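# I'll drop the sequence and a predicted model, then ask my questions.
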Amino acid sequence: MKEKEITPINSYDHNQQDAIDEEAQKNLTFTIGEEAYGIQIHNITQIIGIQNITFIPNQPSYVKGVINLRGQIIPVMEVRTKFDKPVIEYDDRTCIIVVNKDDIYVGLIVDRVSEVLNIKESEIASTPTFNDKVKIQYISGIAHVNENVIILLEIDKLLENE
């Protein structure tokens, strides 16, 4: 498939302050199925359309392989599979969010990218406590913005292997 650039996040001013509410954190929101998720924008370098993925053997099921992004080889992870959601066919809205953590680039395959939101501290609830069998290690908080619930993800923990 041909690379389809969707949004150059690096053109977004990461240091731009919200004049109305300096306590707001900027999050890119995206969906997996019916659920909305958010990742802090400072972790994101760009968003691209789905493209050819080269399979790498003996990887966890959520690691789909690698892509060649302008000469740089980047591993890609399917967030849907990581979250134990059923596999679906990619479509024209499926995106790869390229994140950078400690100079390591990883692509996150998501169903749809939504928007960049300023989420105020007052709109974020702490992570709910469940029994020991429920995995919530990827969640940093739950935001309630307008009438929507957004699960905020901790990128460090999302990128860790189990």
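Good, I have the coordinates. Please read these numbers as outputs of a predicted model, since none were measured by experiment.
# mean pLDDT per helix and strand in this protein: which one sits at the bottom?
Least confident helix or strand, the chain: strand 5-7 with a mean of 46, by mean pLDDT, DSSP states H and E.
# helix or strand for Ile67, which one?
Assigned by DSSP states H and E, Ile67 belongs to strand 63-69.
# please name the nearest non-neighbouring residue to Glu78.
Using C-beta to C-beta, 6 or more residues apart in numbering and skipping the chain neighbours, the partner closest in space to Glu78 is Ile109 (4.5 Å). C-beta: built from backbone N, CA, C; applies to glycine.
# any weak-confidence spans in this structure?
1-23, 128-136, 161-162 (pLDDT under 70).
# would you state the helices of it in chain order?
For the chain, the helices defined by DSSP state H occupy 79-82, 155-158.
# in a markdown table, list those along with distance to Val145.
Formatted as a markdown table, these follow (distance: least, C-beta to C-beta, whole Å):
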| stretch | distance to Val145 |
| --- | --- |
| helix 79-82 | 20 |
| helix 155-158 | 19 |
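# deepest in the core, which of these is it.
Among the helices of the chain, helix 79-82 has the highest mean neighbour count (mean count of other C-beta atoms under 10 Å), at a mean of 18.
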